[in-house]
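Visitor: below is the sequence, then the predicted model.
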Amino acid sequence: PLLKMVGYYSQESRCIEAARAVYEGAIIVSEDDKFLDRIGIRSEQRDVFGVRLEMLSVHIWMAYVRLRQTGDYGNIVMQAVSDRMFADLQNRMILEEGVGAFASYKLIKECEHKFFALCMSLDADVYLGNHGVDFLSAKNAGRLKEDLKKYIECLEGDDAKAASLLAYMQRALLTLEGADLQTMYDGRFWDPSLIAEGLPPIES
């Protein structure tokens with residue numbers, strides 16, 4: 001009763017907790033070796049901050065696609081995910097990369113710019129005029145793949161790597177279609193099967 005009185009179970013509080021679970025799950029999935037093996041990211045690249053940022057950015061964008069479809073609470077979760085992401089990235093810069101606090105402010109702005117440039121480009125590839133989303137048609141999938149090659153530098157412009165990432169993203173976006181606030185709150189937003197070894201690409 002006391003927790004309810006102070007707003008612990010309010011929708012806003014649940015949205016913030018859902019954002020935490022979505023973000024932390026995105027880190028786990030995006031840094032998983034099975035996932036990186038499937039995409040073709042070389043072992044020596046995996047601890048590079050920029051590579052981790054790129055793979056995380058792809059997953060956060062996919063989360064945004066779903067969150068935009070879930071009404072007002074989706075907007076609250078999106079904002080909370082963004083706030084948590086950039087605060088965490090700045091903290092990781094300082095603690096893990098040895099970046100000074102002052103320098104980290106400039107670098108985090110560069111990360112924000114890169115992230116939102118990727119999001120805007122991918123949005124343009126998949127969103128339809130009626131606010132629907134199409135990431136499966138050959139035309140839009142082709143545009144997505146080209147933008148992945150352009151913005152995700154760790155793919156090294158490799159067509160096969162971009163195709164592998166695209167197939168993964170298409171399957172991930174399909175699994176996210178049924179996710180609601182409770183799913184996020186319970187930490188079940190990211191399906192563990194996404195990083196299963198040998199998972200075949202979906203048919204486009």
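Guide: Everything's here; your move.

Visitor: pretty sure Leu56 contacts Gly25?
Guide: No - applying Cβ atoms under 8 Å as the test, Leu56 and Gly25 come out as separate, 11.0 Å apart. Any C-beta I mention is one placed from the backbone N, CA and C, and that applies to glycine too.

Visitor: nearest spatial neighbour of His90, chain-adjacent residues omitted?
Guide: Quick fix: residue 90 is Gln, not His. In space, and not counting its chain neighbours, Gln90 is closest to Ile108: 4.6 Å by Cβ to Cβ, 6 or more residues apart in numbering.

Visitor: also Arg46?
Guide: Nearest to Arg46 is Leu36, by Cβ to Cβ, 6+ apart, at 5.9 Å.

Visitor: and the one you found, what helix or strand is that in?
Guide: helix 33-39 (DSSP states H and E).

Visitor: how far away from the center of its chain is that helix?
Guide: 15 Å (Cα atoms, centre = their mean, to the nearest Å).

Visitor: any idea which helix or strand comes after that helix?
Guide: Next along the chain from helix 33-39, counting by DSSP H and E, comes helix 49-67.

Visitor: output the contacting helices and strands for that next one.
Guide: In terms of contacts (3 or more Cβ pairs under 8 Å, 6 or more residues apart in numbering; DSSP states H and E), helix 49-67 is packed against helix 11-30, helix 33-39, helix 72-96, helix 101-126, helix 159-176.

Visitor: out of these, which comes closest to Lys150?
Guide: Closest approach to Lys150 among the helices and strands packed on helix 49-67 (Cβ to Cβ): helix 101-126, 7.5 Å.

Visitor: tell me the angle that closest one makes with helix 159-176.
Guide: 80 degrees (axes from the mean of the first three to the mean of the last three Cα atoms, to 10 degrees).

Visitor: helix 101-126 packs against which elements?
Guide: Against helix 101-126 (3+ Cβ pairs under 8 Å, 6+ apart) you get helix 49-67, helix 72-96, helix 138-151.

Visitor: among these, which is nearest Arg171?
Guide: Of all the helices and strands packed on helix 101-126, helix 49-67 sits nearest to Arg171, with 10.4 Å by Cβ to Cβ.

Visitor: quick check: buried residues in that closest one?
Guide: Residues 51-67 are the ones in helix 49-67 that count as buried (16 or more other Cβ atoms under 10 Å).

Visitor: ok now stretch 87-106, how far from the chain's centre?
Guide: 20 Å.

Visitor: in that stretch, which residues are buried?
Guide: For stretch 87-106, by 16+ other Cβ under 10 Å, it's 89-90, 92-93, 99, 104.

Visitor: can you get me the start-to-end distance on it?
Guide: Length of stretch 87-106, first residue to last, Cα to Cα, to the nearest Å: 13 Å.

Visitor: tell me where the model's unsure across this structure.
Guide: Applying pLDDT under 70 to the chain flags the ranges 1-10, 130-131, 194-204.
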